[in-house]
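1. fold the following for me, if possible:
(chains A and B)
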Amino acid sequence: QQKVQQSPESLSVPEGGMASFNCTSSDRNFQYFWWYRQHSGEGPKALMSIFSDGDKKEGRFTAHLNKASLHVSLHIRDSQPSDSALYFCAARHVGDNSKLIWGLGTSLVVNP
Amino acid sequence: AQTIHQWPVAEIKAVGSPLSLGCTIKGKSSPNLYWYWQATGGTLQQLFYSITVGQVESVVQLNLSASRPKDDQFILSTEKLLLSHSGFYLCAWRRGRGAETLYFGSGTRLTVL
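-> I've put the predicted structure just below:
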């Protein structure tokens, strides 16, 4: 079973709309979360990290973490065509500093 | 500012041939270094990581090996390529203290025929 599960698999939103991504961990020991974005043919780039319960906002991006439900989300407001990419949730285990566990990703298309 | 450079950008190789991919990080001493593999449109699979020169830990081998000959250099190689080695290879680094963000290179696209 995938330890970090993402939904939806794909998402299509109109330009200017809100894009929302979900990520759920199956292990309570995953306490540190990142959202990465990967444009086609490029390496992933970190968008945000979130380690504490609650919201974290950076520009058009807002992440939310609920450790009790092992759920983390990412919301992009005012989506732009340049936001079209693959979005990954990644988590780190509290006892293992050596690797991140990655979700399968959500493909976002923003339609002009 | 730190920069990460991967080479080559792309390779087309025959099954059974050798392979060497490289990665260099400038502007950061003693980074933690990582190799990842990604199938087209797929998730990221960590292959190796290294916290210091000469020391490499394997996560998933896939008939590949890695070496860190210098503080700023990480090499991924194999003597015999398989069809299953095709994909996107990514090098990444992080500072190595606590819950630090990973920074990726631009990747190498490998096609094995």
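2. and for A:S25, the neighbour number?
-> 23 (other Cβ atoms under 10 Å in any protein chain shown). Yep, even glycine has a C-beta here, placed from its N, CA and C like the rest.
3. how about the residue nearest to it when sequence neighbours are not counted, what does it touch?
-> Spatial nearest neighbour of A:S25, chain neighbours left out: A:L70 (4.3 Å); criterion: Cβ to Cβ, 6 or more residues apart in numbering or on different chains. Residues in contact with A:L70, defined by Cβ atoms under 8 Å, 6 or more residues apart in numbering or on different chains, are A:T24, A:S25, A:S26, A:D27, A:R28, A:F30.
4. does the closest residue to A:F30 other than its chain neighbours lie in a helix or a strand, and which?
-> With sequence-adjacent residues excluded and distances taken as Cβ to Cβ, 6+ apart, A:F30 is closest to A:A91, at 4.0 Å. Using DSSP states H and E, A:A91 sits in strand A:85-93.
5. partner strands of that strand and their direction?
-> In the sheet, strand A:85-93 lines up against strand A:30-38 (antiparallel), strand A:100-102 (antiparallel), strand A:106-111 (antiparallel) (DSSP bridges).
6. ok so, going back, so the residue nearest to A:F30 touches A:I101, yeah?
-> Yes. Taking Cβ atoms under 8 Å as the definition, A:A91 is a contact partner of A:I101 at 5.2 Å.
7. how much space between the residue of chain A found nearest chain B and A:S25?
-> Nearest residue of chain A to chain B: A:G43, at 3.4 Å (Cβ to the nearest Cβ). When Cβ to Cβ, to the nearest Å is the yardstick, A:G43 and A:S25 sit 24 Å from each other.
8. B:H5 now?
-> To A:S25, B:H5 is 33 Å away according to Cβ to Cβ.
9. check B:Q61 too.
-> From B:Q61 across to A:S25, the span is 26 Å (Cβ to Cβ).
10. try A:P44
-> For A:P44, the distance to A:S25 (Cβ to Cβ) stands at 19 Å.
11. check B:Y36 too.
-> Using Cβ to Cβ, B:Y36 is found at 20 Å from A:S25.
12. how about A:W35?
-> Counting by Cβ to Cβ, the gap from A:W35 to A:S25 is 14 Å.
13. list the residues that contact both of those two?
-> Taking Cβ under 8 Å, 6+ apart as the criterion, A:W35 and A:S25 both touch A:V72.
14. and A:T24, how many neighbours?
-> Using other Cβ under 10 Å, A:T24 has 18 other residues around it.
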